[in-house]
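Asks: Turn this into a model:
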Amino acid sequence: MSVESKSQLAYRFLRERIDGGRYVPGYRLVLGSIARELDVSVVPVREAIRRLEAEGLVTFERNVGAQVALINETEYLHTMQTLSIVEGAATSLSAPHLTADHLRRAREINERMRRTLDEFDPHRFTELNLEFHAVLFEECPNPHLLDLVHRGWRRMQVLRDSSFSFVPRRAHESVDEHERIVSLIERGAAPLEIELAARMHRTATLDAVLAYQSAQKASSETDAAASAAAPVLAATSNEETP
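Replies: Residues are numbered from 1 along each chain as shown. Okay, the predicted model is just below:
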């Protein structure tokens, strides 16, 4: 049985926290603090961070340091825009084929999602989110459209397993929107109304994530500017001291 190296320990520790949503995109990775928490030197932590950087999960910027990588904004935008269109259409086509049992199952899943909000687990929420939507779109009679929906969800998992880890307030809005979609299907709303409700539900998450991304970028730029200015201010202060 192989013994886990300190570098592997640091890598696993960081990867679990990134995947688990404790270290959200933009989170600063301070080597010394992590090393003290793991009771190791900074060397294995630095090695672990380099490995995560190679995997695209961590970035390193001068005057900022290591931080959890932000989502690739362009890829996320395109994937979510596409998914909103194809999933909206698939949900609309699926609606006439959904039985009372389908809607009961969807509501049960949504209620489980609502119960997770008090002690929020973004990854569990994301799992339930896919389970909920699958109930509504899997009866789509168009296999080509359904394949595009499945591809979109898989692409989302590659980009970031859970968007809700860094926009948790969006989760509360999401469960309310789920109930509205189910209610529309239940009362036999027009296909276009169902499609647009499902599409807007998806784009609302996109908007929340992009707003978060923009705020994180602005914060990083401000911090970097402050760090760059600090030596200049200190030198000026020293020159003025009699």
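Asks: can you dump the C-alpha coordinates of stretch 100-109 into CSV?
Replies: Extracted C-alpha coordinates of stretch 100-109, given in CSV (Å, rounded to 0.1, in the frame of the first residue of the first chain):
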residue,chain,number,x,y,z
ALA,A,100,-49.2,13.2,-13.1
ASP,A,101,-46.6,10.9,-11.8
HIS,A,102,-43.8,12.8,-13.6
LEU,A,103,-45.0,16.1,-12.1
ARG,A,104,-45.2,14.5,-8.6
ARG,A,105,-41.6,13.3,-9.0
ALA,A,106,-40.5,16.7,-10.2
ARG,A,107,-42.1,18.4,-7.2
GLU,A,108,-40.6,15.9,-4.8
ILE,A,109,-37.1,16.5,-6.1
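Asks: show me the residues around the residue sitting nearest the centre point of the chain that make contact.
Replies: Nearest to the mean C-alpha position of the chain, by CA atoms, centre = their mean, lies residue 163 at 1.9 Å. By CB atoms under 8 Å, 6 or more residues apart in numbering, the contact list for residue 163 reads 126, 156, 170, 205, 208, 209. C-betas here are computed from N, CA, C, even on glycine.
Asks: for residue 51, same thing?
Replies: Contact partners of residue 51, counting by CB under 8 Å, 6+ apart, are 7, 11.
Asks: That one belongs to a helix, doesn't it?
Replies: Yes - secondary structure assignment places residue 51 in a helix (DSSP: H, G, I helix; E, B strand; the rest coil).
Asks: just for the protein, where's the confidence low?
Replies: The chain contains residues with pLDDT under 70 at 1-3, 20-21, 158-162, 166, 220-242.
Asks: Mind jotting down where the helices sit in it?
Replies: 6-19, 31-38, 42-54, 73-94, 100-115, 122-137, 143-159, 168-186, 191-240 (DSSP state H).
Asks: I'd like those helices laid out as JSON lines, including distance to residue 63.
Replies: Shown next, in JSON lines, are the helices of the chain (distance: least, CB to CB, whole Å):
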{"stretch": "helix 6-19", "distance to residue 63": "22"}
{"stretch": "helix 31-38", "distance to residue 63": "15"}
{"stretch": "helix 42-54", "distance to residue 63": "17"}
{"stretch": "helix 73-94", "distance to residue 63": "22"}
{"stretch": "helix 100-115", "distance to residue 63": "40"}
{"stretch": "helix 122-137", "distance to residue 63": "30"}
{"stretch": "helix 143-159", "distance to residue 63": "27"}
{"stretch": "helix 168-186", "distance to residue 63": "29"}
{"stretch": "helix 191-240", "distance to residue 63": "4"}
